[in-house]
Structure formats: structure tokens, C-alpha cells
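Visitor: what's the 3D shape of this:
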Amino acid sequence: MTFAERELIGRDALLAELAPHVVAQRLLTLIGPGGVGKTSIAQQLARDCTTAAVFAGGVHWVDLAALSEGTAVPQAVAAAWGLAEQRGTSWLETLVAALHATQALLVLDTCEHLHDPCRTLCVQLLAACPQLHILATSRKPLGLDSEMRVPIPPLDAPDAVALFRLRATARLASFTANDNAALTIATICTQLDGVPLAIELAAARVTLLSVAQIAEHMGRSLGLLASREPALPLRQRSLRGALEWSYTLLNSNEQALFCQLSVFAGSFDFAAVEAVCLVSAPLDALAELVDASLVMVTPDDQTMRYRLHEVARQYAAERLAETGQRMATRVRQLAWAVALGERAERTFDVARQDAWLAQLVLEHENIRSALQTAEETGDADAMLRLASALVSFWNSVSISEGRNWLARGRARAPVEPRITSAKAWNSESFLAYRQGDYDGMHRAASAALTEALTLEYAAGIADARYRLGIYAEMKGAPAEARIHYQQSLDLYRELGDRRGTSQILNGLAHIAKNEGDFSQARQYYGQGLAIARADGDRLTTALLLISLANLMLDTNELVAAEAAYAESLAHLRAIDHPSYQMYAINGLGEVAHYRQDFATANERYREGLQMARDLGAVGMAAQFLVHLGHTAINSADHTEAADCLSEGLRLYLQLKRTHRIAGTIHFCAYLVVRLGYPAQATALFVAGLRAVQAEDFAYLGNDAALLANASATARAALTPTEYALSVADGEMLNMAQAAELALSAVYLPQRPLPSAPPPELQIFLFGRLRVVCNGRELTGDDWVYSKTKDLLLFLLLVDSADKAEIGAALWPDASAEQLKQNFRMAVYHLRRALGRAEWIIFDGGRYAFNRTLHSWLDVAAFEQALASSPAQRGDHLRTAAALYTGDMTCGELESDLVLIRRERLHQQALEVLLALGEMHLSNGHYIAAADAYHRAIALDTYGEAAQRGVMRSLARQGEGGAALAHYAHFAELLAQDLGVAPTPETATLAAQIQAGTVL
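Guide: Numbers count the residues shown, from 1 in each chain. Next comes the predicted model:
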């Protein structure tokens, strides 16, 4: 809150009455006409709450008077909290993420002209942020059921007179009032109906007129207004009359300035007055307006700023419109804004960047007003020049708003290439990149390059190629990226653009680093740093140091990495750039973490987390929370780990960052392993990898080995059947379901990790033959030749067999001598491959696989699941489906017994999948049902029960079009392959879906 403290007259009782309601009520709205004192009362209530520290999260003031678009309301509230825009996140989502657990007071001042957007925002914030309280001022209620509405009355006669005396004395120290004058003052206050702003306007004239003259002039103005606008409510008529009277006391030059100042939507400085307002002696005229209380002074750190009270601004705007000069004045304001923006652009990226940003924030509403003028007048060139020049400002304040203005400008621009247009495309490309819209970045950069090449606009070509290089690198095309970077680098060097040169060197270094050429990467970083240091460019120096330190971290150069992060942090603190400080702090935390100095790592991560929360940097806050969760696991503080990981995961879910969500789910799985739940952990590991379509944990960089070991630990604690079921469970989870499981599993009570010894042999016949012996999968060298595996397969599928039966299956055409030799060799190699002879036993002339030893066979587990009791049918259907990964292998066996067994298992699996699909469908798990039915179709392409199951699953998900497309494809398949049509049952289902009657 930056408003000046002023003494309130006659409001003590009201303030005392309202104070407890501010704390007790979620929404308190002060209602009344303009000028009655709503804002002053709200300011005092806010000030009192701040002084008494009533709200732990503070009091945050939002002045809405200058806003003209309702879409800007959430952004204005975010600005009051100092929140930065987040990639892929609306302003509302950013607010909710930052405030959902914050006890704070939000003050929305002057809501009436943005009534519906303010009402909507209040509904959303109050629902999502249970500890947030809102104090609003408005000429009418916001209309929420929970709203407490307090009408603000005018001042009674004694207090009104006291206010007049106070303001008059402030203007004229020698002001006194005898008894007659006191009666006249009372008359004036009665005429003005006790409206404070009107009384202050009248009192300001004691430097020119006596009290009697003020009363005479005021009475004349009010009488004229009553006859001209009889429908105007009395209090509004009083204020309007006071404004008209004050206006008539100005000379023509002062009147002109007063009217022209109405084009400033927000506050303004004297330089803006000189540029926009066509009056003589503007400083003297402005001083008179201040003395007349028509213009308020709002001191800033660097300069004096001014603003009109909103009621006075509206009146001045009407007067300006009457002169026919309103649009001409707005056009001058547009020219001033373009000049300001382009002057800021030239110096924004060097020493004065923070000062420029602060000034542009103050001018934000005036910039919006200027852009609206350009839009209304069709001046696309000015609109694009201004919006493009402010690209660094948009990046700091609101990327979405900047992109919106650029799009609106392009929509009005001529088709033919122009430098202004090419520059606007490059600005759009940069903002899209910062917002995480990489396809949008590519489209804009491509358009910029096309226009810049046509115009031979070198700077535009360099900027466009730089962004195209970034896009190519992100898409995994380093060779293409290098070409763009190199061409951009050549142009930047020709242009003498040293900052651009440093940025390109950073990009080239990143490519070299990713390709493992660390020496080349260091050279590029070194060249970029040399330029940045020589230019005194502390920001670029800091960013290059962070990149270099990241490389050193990857190569385990912890001392050098720590020094680079520390130097970067020193630069960023010197230029007060907190958003980038977080990256350096994060790096220092990681260095400590790799040293297993968890106390220091925690200290750094918590410092970064607080900074991220203060800035509203939701993504960085989530990252710090995950780091804190990791260190808590290593410190065996599982409750702290669960709290940090769950909060971090929720933030990433809000941001919809898939890879970050998956990574956090994997760290949750790591914790769940530590808690002793390998099945849930395995499902989470599988679901996370599936979400990012990864084969392993390599996408997590330095944490890959840690998580791979945790996954292996979980697997070792499960039986093969349990593991297969856990994998199947994980494969069925979508991202949201996996996150939900993670959020609950991290709070499971700790227990010992199951430690049953794994089977000595694990044998998989479904899909392909795989044998794992004592944790190692056997390879071709172990088997020596294929008949060794066929012998094992045959013995697994029969109880026992003699040599003749085995020979008929494996060597049907062999002679007796050949059979004897082949058989002896196969048995020898099989026993050797399995590690000991006892696996193949000989008894009574018959050979058998020794099932008394500790082994596991997927076919046996599948059949055991099918034989389970009906009460456990659901679990065992899932188990059987998980085990059946494909038709049973037959190897090179020529045995009817084996083929019959294979076909029976195939049919059983088909029945399992159909039953599982039906179970999921009846339970409302439509995605899981569709997955089961698709697996059934893979086993029987023409099976219509499974085809209908897919159609029902899609229809119940609301994907009727996809269900009908599936039916059409199946009908076409039947016609082409079999020359038949779908059965009436399937056709009827399609008709029901078409009609929208499927239940």
C-alpha cells in the first residue's frame, strides 16, 4: 500500500464498527456514491490491519479505477502480491496456487465499472483460498450470498464542518471562521449533502474566495445543475455541482489542462504532461489544479507523480469530449507512449533495466490506454511499435497481455512485409518461448524470418534464426539448431550486438554439452562470459555462469560449480534480479546435496522456496519442494518428505508440466519403497515412465541411477506374479490417477520391506521364452542351441515324459541313434543352463521338471488365478490379464499336446479380457475397460463382443464420434476380409450411439 496517510474526520465510530467485520467476514463491501469516502475508509481499515498484523499474509491493495478491461483484474491482483506470470497457467491459477493456504486481506478498490469480473474473481478466490478475506469498495454490491454490505453514509453536520475547517486550514494557515462564517460553512456542507470529496473541493478555494463567496457560487452551481439534471440523485448532484463550480473557477488554460489530463488512465509525471497536453505554462497550471484539489500528488521514489480522482477524471473526460479534442489528445498520448517504449527498449537490457521496469509498471494503465487508441484509430504501425518495444516489460509483467496486444496489432496491419511487422513477429516469438508455447514460438520466428529476409533486415534475421535454433534444439535436431545459431552469430557480430552474441554462444555451448563435448561447451561459455564481463553486463554474466555451473555439476566438479553459482548469485543480487537468483540458489543446493551435506542443501532449498513463493514462481516453488522431499528421504524424515513431495506434485499438476509431474511421481515412488510398499511403488514407477513415453529413468539426468536402484529394490521384494500385477496396474493409470495414488501412498505407515527370497528360477512362456536364473536372464550362449529351450518347454507343459515321447515332440524324424545322442546333449545343456542337475529329474524311466524346487512359471500362475474363488474374481482377473503378455511360445515343438495347450490358454485369456472389460465398464472405469477390450481384439480381430466393448467404453467417455469411427473401421474390415457385415447386435449399438441413447 503506497497511499499517503490522511486524517479521517467523523469516521471513528464507523471504523470501530467495521474493524471486527474485516476479520470475521470473508467478503465485506463498502457501498456508496462517488466521493462519499469509501476509499479513504478502506485505506484506514487496511492500514489498521497492517499495523496490528491481523493477517499473517499481509494486506494487499488493488486500485481498479484505472482498469478498463475486466480480463485485467486477476493480473492486477497478482501484481499486488508481486506474482509473476507462469508458463501455461492463467492468472487465476497462479493466484490460487500462491494464496490457497495464505491468511491475507485483499482490498479491491473501485469495483463498480468492472462489477461482473470482480464478482467472478471473488467467487473463485473465496472458494479456493479458505483463509483469504476480501474488502471491496463499490457503488453497488457485488452480489455474493456471503457478502456483507455496508452503506457508507455522508458526514453529519458537525463532522462535515470539521472537515471543511481542516482542509481550509491546510490550504490557508491563517484561515479562521467567526460565528457568521461558521454558519455559512454549515450551509455549504448542507448544500453538499455531507459528501467529503465535494466539501474538500469547496474548502480548497479559501485561498481565492471568502466563505460567503464560496457559498454563493456553490449555491448557484447546484441550482443550475438541479434544473438541468433533475433525475440525478441528490448526493451525486452535490458532487457534480462541486466539480462544476471548481471548474468554473479555473482560467481557460487550467481548464484545458484539467480536461486533457483525463486521457491518463493511471498516474502520470510532469514529463508526460508536457508531451501530451497542449497548454501554456503547464507547470503553473498543474500547480493550480493541485491547489484546487482536482489533481492529487502521489510522490514516488524518483519523481513526483499525479493523478485525478476517478470521479474528477470522468467529469474532465466529458468536458474534453465537448471540446472535440478528446481523440487528438489521445493521439498525442499514443505518440508519447511509443516514444517512451522505444526509449526504454534501447536501454532496458543494460544498467537501467530495473529503473525502466519500475517506471513502465507505473505507466502500465497509460500504455494500455495508448494501445487502445491505436486500435480504435487503426494505427497498426504505432500499435506494433509500442507493443514490440515493450517486450522485456511484458516478459516481466504479463506475457499473455503482450501477446494479446501484438496479435491485435497484426490483425490490423497491412499484408506486405515491413520492418515493424518483422520485429513484432520476433517479439511474439520471444514471448511465446517464455510462455512455453514452443510451436507458437516456431510459427512466429518463421514469419519473422520470411519478412526479414525479404526486407534484408539483418537484426530481424538474426533474432528469428536465434529462436528457430532454440526450437530445433528442443525438438532434438542439434545439427539444424547449430546452423541457425551460427548464421545468427555471424549477423550479431556484424551488427556489433554483443548481448546477442553472448546469447548465441550460450546456445552453441548447450548443444555441445548435450552431445558430450564438454571441452567445446566450455570454450563457448568462456567466449560469452568474456564479452559479458567486458561490457559490464551482469545479467548475461550471471546467466552464463549458471549454465557453466550446470555443466560442472554434470561432470562432478563440485568445487568449481559452487564457485560459479556463488558468483552468479552475487551478480544477480547486485542488480536485484530475484527471479534468476532462484536458479543460482537451486544450484548451490544441488552441490550441497551431491556432497550429502543435507543440512546445507535444505537451507538453500528453503531459501529458494521462500523466494519462489514471494515471487509467485509456482514452477520453481514446486522444484524446491521436490528437492526438499528428496533430502528428507535421505534423512529418513518420511513425514517431511511426504509433505514436500505432495505439495510439489500438486503445484506441477496445476501447471500441467508432464515431465515434472512424472519425475515427482517417481520420487514419491522412491519414498513409497522406503516406507515398505513395493507393489504401489512399482505401479508408480511404471505409470511415470509411461506418461513420458520413456523406457528408463535417463530423462531425469543425475537422479536416474538413484531411481533405477529404487525400482530394482521394489521388484526384488515382489514375487513374479505380484510384480506382473503391479506393472499392469501402473500401465492402466493415467497421469491424474498416478498422481492421486502417489499423493495417498506417501502417507502410508512405515513397515519393513517384504524380504521373501525370490524364486531360483523364473520362467516366462507367454510371448517369448525367458528364463531368469538367480536374478540373471539366460541368453543364447547359455542355451548353446535351440533344442535345449524346446526340451525345457516340453517338460514344463507335461507332468513327465519318457524318451520316446520327448523324441516325438523334438526330433520326430531322427533315428534311434540320433535321438539318443540329441537327447543326451539336450539334457546335459539344459541342466547346465539352469545351474544344477536337480532341475531335471529321472524316475521310473520318465523325465520331469522338478517342481519341488523354488521356481515360478507364468503359465502356472495364470491357471492358478483362473481357479481362484468367485469372491476374489476381480483381483484374479487383473492378475491373469497381467500375466498373459502374448500367446504361449511353442518354440520348434511339433506336438499336438503343446498346440492344444496353447489354444486353450489363448481362449482363456480372451475370456479373461472380456470379463475384465465388462467389470471395468460396470465400475465406470472406461479407459481401463477400453484397454482390456483392445487387448481382446488383438487376440481375436473379428470378435464382436470386444468390438462392442470398445464402442461402449468410448461412448461412455463422451467420445461418441470416436465410437462410431471405430464401428465404421470394423465394418470395413469385415467386408474386406470376410465379405460379411457386423451382427445386428453390433449395428444396433452403433445406431444407439448415433442417437445418443447408449447407457
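
Visitor: now what about the helix or strand that contains residue 485, what contacts it?
Guide: Element membership for residue 485 (DSSP states H and E) is helix 478-495. Outside helix 478-495, the residues within contact range by C-beta atoms under 8 Å, 6 or more residues apart in numbering are 458-459, 461-463, 465-466, 468-473, 498, 500-501, 504-505, 507-508, 511, 514-515. For the C-beta atoms, the positions are set from N, CA and C on the backbone; glycine is no exception.

Visitor: Just the ones of these in helices?
Guide: Members of the contacts of helix 478-495 lying in helices (criterion: DSSP state H): 458-459, 461-463, 465-466, 468-473, 498, 500-501, 504-505, 507-508, 511, 514.

Visitor: buried subset of those residues?
Guide: Buried by 16 or more other C-beta atoms under 10 Å: 459, 461-463, 465-466, 468-473, 498, 500-501, 504-505, 507-508, 511, out of the ones in helices among the contacts of helix 478-495.

Visitor: ok, residue 634 - contacts?
Guide: Listed by C-beta under 8 Å, 6+ apart, the contact partners of residue 634 are 596, 598.

Visitor: try 7 Å this time
Guide: residue 598 (C-beta atoms under 7 Å, 6 or more residues apart in numbering).

Visitor: Quick one: residues in contact with the helix or strand encompassing residue 521.
Guide: Per DSSP H and E, residue 521 falls inside helix 518-534. Helix 518-534 is contacted by residues 498, 501-502, 505-506, 508-509, 512-513, 540-541, 544, 547-548, 551, 555 when judged by C-beta under 7 Å, 6+ apart.

Visitor: This protein - how does it break down into domains?
Guide: 12-151, 157-248, 255-309, 329-413, 421-496, 676-756, 761-860, 895-995 (automatic domain parsing).

Visitor: looking at these, which is closest to residue 666?
Guide: For residue 666, the closest of those is domain 676-756, at 4.7 Å, according to C-beta to C-beta.

Visitor: Quick one: end-to-end length of the closest one, please.
Guide: One end of domain 676-756 to the other measures 13 Å (C-alpha to C-alpha, to the nearest Å).

Visitor: just how off-centre is it within its chain?
Guide: Offset of domain 676-756 from its chain centre (C-alpha atoms, centre = their mean, to the nearest Å): 26 Å.

Visitor: now swap in stretch 980-992 and tell me
Guide: Worked out by C-alpha atoms, centre = their mean, stretch 980-992 lies 45 Å from the chain centre.

Visitor: For it, could you pull out the residues that count as buried?
Guide: So for stretch 980-992, counting by 16+ other C-beta under 10 Å, buried means 982, 986, 989, 990.

Visitor: same deal with stretch 860-877?
Guide: Under the neighbour-count criterion of 16+ other C-beta under 10 Å, stretch 860-877 has 860, 861, 862, 865, 866, 876, 877 buried.

Visitor: Please report the distance of the fourth one from residue 720.
Guide: Remark: distance between residue 865 and residue 720 (C-beta to C-beta, to the nearest Å) = 13 Å.

Visitor: just to revisit the earlier point, tilt between the very next helix or strand once past the helix holding residue 521 and helix 518-534?
Guide: The first helix or strand that comes after helix 518-534 along the chain, using DSSP H and E, is helix 538-554. Going by axes from the mean of the first three to the mean of the last three C-alpha atoms, to 10 degrees, helix 538-554 is angled at 160 degrees with respect to helix 518-534.

Visitor: quick one: contacts of helix 538-554?
Guide: Here helix 538-554 makes contact (C-beta under 7 Å, 6+ apart) with 499, 502, 506, 509-510, 513, 518, 521, 525, 528-529, 532-533, 560-561, 564-565, 567-568, 571-572, 574-575, 577, 580, 583-584, 587, 590-591, 702.

Visitor: Give the ChimeraX command for selecting the buried subset of the contacts of helix 518-534.
Guide: Of those, the buried ones go into a single ChimeraX selection, burial set by 16+ other C-beta under 10 Å:
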select :498,501,502,505,506,508,509,512,513,540,541,544,547,548,551
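
Visitor: Return the closest of the contacts of helix 518-534 with respect to residue 974.
Guide: Using C-beta to C-beta, the contacts of helix 518-534 come closest to residue 974 at residue 513, 54.8 Å.

Visitor: Could you measure from that closest one over to residue 817?
Guide: Taking C-beta to C-beta, one finds residue 513 at 66 Å from residue 817.
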